[in-house]
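Q: take a look and give me a structure for this.
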Amino acid sequence: MASGTPARNAHSLRRRIWPDWMTRDVSLVILARLFMSAMRALAGIVTPIYLALIGFNGVSLGWLFVAVAITSALLTSVVGLLSDRIGRKPFLIALPLLAASAGVVYAITRDVPLLFLFAALGSFGRGAGAGGGSIGPYQPAEQALLAEAAPPRARNDVFGRMAFFSSLGALLGGGPLATLPDLLPHFHLGGADGMAGYRAAFIAMAVLAAIAGLLVIPIANLRPARPARNAHAAATATSGGSWNPLRRISPISWPILLRLWMTNSVNGLAIGFFGPFITYWFFRRYGAGTAEVGALYTAVNLAALAANLYAPRLAARLGLVRAIFWGRILQALLLAPMALAPTFWLAGALYLLRMQAQRMALPLRQSYVMAVVPSEERGTVSALSNLPSQVTSALTPGLAGYIFDTISLELPFEIGAALQAVNAFLFYFFFHALRPPEERAAPKAPSIASVPGDAAEEPALLPPDDAEPDSAPQQPTIGAR
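A: Residues are numbered from 1 along each chain as shown. Below is the predicted model:
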């Protein structure tokens, strides 16, 4: 009996580290995310400082970020809409290879039109900062694939695990690789113009992105089934389907999508004011180079490893919507004092705390959206729900760049903080009554940390082991108190 205990313990430990839902395809997608996150984290540090050194000011950087945001919005929409038709895999290969080509172009030329074009195609500058590794126009395909591959009760864990490996990748890209521009000149390898370290960093980005694209080649490309469960779906199936994405959204998803459009539009305005400029702001405000910014981002991503894995537990305690709400409120509250901090490391400490809230809230929000829409619409809804955020985030970088150059280095952050607070309250107002299926299936438990004015009970997150498989949610009533 006792002799079997170590074997049982080892088996239990193995299942906790590598549970049954970590199939080959899920593992490869998450591993690809690790390499892609390393590439994006490195780009988020190196690209803004490199562009500033070769003559870009705040306004020109702002217009480059506008081009990146618009192109990313278009790419994200195409990925989401087509991945529900032709499968997720092609986009998980093509877009990393496109980012790899952007790295090569940045390594070999300073031609401004080419820099603009390939920054846009490679999403250089989108989501700059320590969270840049979590962003990419391939996300609708990636999220839908992972949501379909995991059982409902493990979905939050899958997205938490993906965020964990994304942080590991960001540690690589934002840590040792980010020192290349400062390190090579110490060995007299900076080149005649002192930029050889930056060129090496861009080549490293290209290699990381190419590996991410190649890793997913072995996965199965399963096209989502579209069962005709209601009159809307039956009519679509009878007519042979429609390539108009709005006609393919079911009545179940429309109320959710409209509210996501409103909340994400506000969030996009907020992010456009400061998100792409984080590294540039550290460079301008405190004179921090790639090594210092990389060290800060390394600390952020190390701390985020725990935040990523704690996110499902937080959702289990508070409920998914409340956990997302409090994460967004903390992000807004910590942004304003960060902008006013007198030293780089004090600002960095506040930024670290803010990013922990962001790293917990982001995978939970992704998991939530995937949970409350029918599985055959996940890619489409993911793309369409994020489209307003990407569009509105393209409206404000030009204005933010002008403010940075002519008015204040702090004001864009203060405006962004106010808008993010508005976004948090809108999200809670619209979605507190719509619980994900696993919460609706679970026995209710008393709520904690409730938002003032809301006395509703919050259910436990995990359903019983014999809970029904993931199915289309019932027609929700949203926004009602």
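Q: ok now stretch 310-329, how far from the chain's centre?
A: 16 Å (CA atoms, centre = their mean, to the nearest Å).
Q: and the end-to-end length of that stretch?
A: In terms of CA to CA, to the nearest Å, the two terminal residues of stretch 310-329 are separated by 18 Å.
Q: buried stuff in that stretch?
A: 311-312, 314-329 (16 or more other CB atoms under 10 Å). Where you see a C-beta, it was placed from the backbone N, CA and C, and this is true even at glycine.
Q: next one: stretch 47-66
A: Quick answer for stretch 47-66 (16+ other CB under 10 Å): 47-52, 56, 58-62, 64-66.
Q: and it, C-alpha only, in PDB?
A: The C-alpha trace of stretch 47-66 is given here as PDB (Å, rounded to 0.1, in the frame of the first residue of the first chain):
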ATOM      1  CA  THR A  47      11.600  49.200 -32.300                       C
ATOM      2  CA  PRO A  48      10.400  52.400 -30.600                       C
ATOM      3  CA  ILE A  49      13.900  53.300 -29.300                       C
ATOM      4  CA  TYR A  50      15.500  52.400 -32.700                       C
ATOM      5  CA  LEU A  51      13.100  54.600 -34.600                       C
ATOM      6  CA  ALA A  52      13.700  57.500 -32.100                       C
ATOM      7  CA  LEU A  53      17.400  57.100 -32.600                       C
ATOM      8  CA  ILE A  54      17.200  57.300 -36.400                       C
ATOM      9  CA  GLY A  55      15.100  60.500 -36.300                       C
ATOM     10  CA  PHE A  56      11.400  59.600 -35.500                       C
ATOM     11  CA  ASN A  57       9.700  62.100 -33.100                       C
ATOM     12  CA  GLY A  58       6.500  61.600 -31.200                       C
ATOM     13  CA  VAL A  59       4.300  62.700 -34.000                       C
ATOM     14  CA  SER A  60       5.900  60.400 -36.600                       C
ATOM     15  CA  LEU A  61       5.800  57.500 -34.200                       C
ATOM     16  CA  GLY A  62       2.200  58.300 -33.600                       C
ATOM     17  CA  TRP A  63       1.400  58.000 -37.300                       C
ATOM     18  CA  LEU A  64       3.300  54.800 -37.500                       C
ATOM     19  CA  PHE A  65       1.300  53.400 -34.700                       C
ATOM     20  CA  VAL A  66      -1.900  54.500 -36.400                       C
END
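Q: who touches that stretch?
A: Here stretch 47-66 makes contact (CB atoms under 8 Å, 6 or more residues apart in numbering) with 106, 110, 115-116, 119, 124-126, 128, 181, 195, 198, 272, 276-277, 279-280, 283-284, 289-290, 293, 394-395, 397-405.
Q: got a ChimeraX select line for the buried ones in those residues?
A: Command for ChimeraX that selects the buried part of the contacts of stretch 47-66, burial taken from 16+ other CB under 10 Å:
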select :106,115,116,119,124,125,126,128,181,195,198,272,276,277,279,280,283,284,289,290,293,394,395,397,398,399,400,401,403,404,405
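Q: now the strands for this protein?
A: Secondary structure of the chain (DSSP state E): strands at 444-445, 458-459.
Q: out of those strands, which gets the lowest mean score?
A: Note on the strands of the chain: strand 458-459 shows the lowest mean pLDDT, a mean of 34.
Q: about what we covered before: which of the buried residues of stretch 47-66 fall in helices?
A: 47-52, 58-62, 64-66 (DSSP state H).
Q: list the residues that contact A421.
A: With contact taken as CB under 8 Å, 6+ apart, A421 is in contact with I329, A332, L333.
Q: tell me how far it lies from L411.
A: In this view, A421 and L411 are 16 Å apart by CB to CB, to the nearest Å.
Q: ok, now V422?
A: 17 Å.
Q: for F429, same thing?
A: Taking CB to CB, one finds F429 at 28 Å from L411.
Q: do the same with M36
A: For M36 relative to L411 (CB to CB), the value is 33 Å.
Q: those two: who's more crowded?
A: M36 (29 against 14; other CB atoms under 10 Å).
Q: any idea what sits nearest the more buried one, other than its immediate chain neighbours?
A: Distance criterion CB to CB, 6 or more residues apart in numbering; nearest residue to M36, sequence neighbours excluded, is A212 at 4.1 Å.
Q: coming back round to it: let's see which of the buried residues of stretch 310-329 end up in helices.
A: In this view, the buried residues of stretch 310-329 that belong to helices under DSSP H are 311-312, 314-318, 320-329.
Q: burial measure for L172, as a count.
A: 22.
Q: R40 is in contact with that one, correct?
A: No: under the criterion of CB atoms under 8 Å, L172 makes no contact with R40, lying 11.2 Å away.
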